[in-house]
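[1] Any chance you could fold what I've pasted below:
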Amino acid sequence: MITHEPDTLLRRPMPGRALRGLAASLLLLAAMPGASAQDGRAGAQPSPAAPQDGETGAQRKEAANRRLADAAGVVRTMSATPALAELLRMARGAYIVPVYGRAALGVGAAGGSGVLMTRRTDGGWSNPAFFTMGGLSVGLQAGAEGGPIALLLMNQKAVDHFRKRNNFSLSADTGLTVVNFARMKQGSTAGDVVAWSGGKGLFGNALTVAVNNIRYNQRLTHAHYGKPLTAQEAIDSAAPDPQAEALRAALGNQATTTASD
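    Sure, this is the predicted structure:
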């Protein structure tokens, strides 16, 4: 005779003690190595240094090296103009943006990224720190071309804006005069900052320029040095920096004699 007793037993509710035992077993299995389906390691957490935008540390380091090499080329171009070469000899710092264009006007755009170096007390140049520049008060004029931009910091007040702030502007509203090099009179040293552009018409016909939203680029600086640093720590670092030698040589090793505080 066929009986359905086994099926009936299977359909009976499992005692509470058995349920608790099963739950404990499942928790134990979940805690065993290999239980994480996300990355194959139990309890694995993303590395704090892991890029969050798909860009690797090696790619950022390469980008930082490109900024330095491109900036050296910009300074060599500038030095071919006697008046600019003289300003470079007088400057307390130089912020070089190798490529600036319409794409760089937005917040966080890579096209406005540049490198800062400041003058040491012995007349040489510091190690680099990286910053990203946002917009210009004059904007890109109709028909203007993108191109390199350099901000020559003519006194310590201008340098301190980069050393001590992570997000700032350079303008009359912040106590700094930013003079358009193309409108400067021959031999003039007026201005806390001298702005030069290799792009045709980038500053328009403006006598003075306001540079907005300059931000410390911690990611590039971190990638370059292999550790997180503030802008001041990067600039004041005395560690040898072979990647910065070409830019340092282009800027020259003359002591400042006429720049004022």
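
[2] could you pull out the helices for the stretch 1-150 of the chain?
    5-10, 16-31, 57-79, 82-90 (DSSP state H, counting those that start in this stretch).

[3] Kindly calculate the angle that the last one makes with helix 57-79.
    An angle of 120 degrees separates the directions of helix 82-90 and helix 57-79 when computed by axes from the mean of the first three to the mean of the last three CA atoms, to 10 degrees.

[4] Same question for helix 82-90: list its buried residues.
    For helix 82-90, the neighbour count (16 or more other CB atoms under 10 Å) marks 84, 87-90 as buried. Bear in mind the C-beta positions are built from the backbone N, C-alpha and C, glycine included.

[5] so who does the residue nearest to residue 70 when sequence neighbours are not counted touch?
    Closest residue in space to residue 70, ignoring its immediate chain neighbours: residue 98 at 3.6 Å, by CB to CB, 6 or more residues apart in numbering. Counting by CB atoms under 8 Å, 6 or more residues apart in numbering, residue 98 touches 67, 70-71, 73-74, 114, 148.

[6] got it, and residue 230?
    Contacts of residue 230 were listed using CB under 8 Å, 6+ apart, and they are residue 216.

[7] Same question for residue 248.
    So residue 248 contacts 117, 124-125 (CB under 8 Å, 6+ apart).

[8] Wait, residue 115 touches residue 65, no?
    No - judged on CB atoms under 8 Å, residue 115 makes no contact with residue 65 at a distance of 10.4 Å.

[9] Among those two, which residue is more densely surrounded?
    With neighbours defined as other CB atoms under 10 Å, residue 115 and residue 65 compare such that residue 115 has more, 26 against 15.

[10] so what's that one scoring on pLDDT?
    Looking at residue 115, its pLDDT stands at 97.

[11] top of the contacts of residue 248 by neighbour count?
    residue 117 (25 neighbours).

[12] need the contact list for the nearest residue to that one once chain neighbours are set aside.
    Among residues not flanking residue 117 along the chain, residue 125 sits closest, at 4.7 Å (CB to CB, 6+ apart). Each residue near residue 125 by CB under 8 Å, 6+ apart is listed here: 117-119, 247-248, 251, 253.
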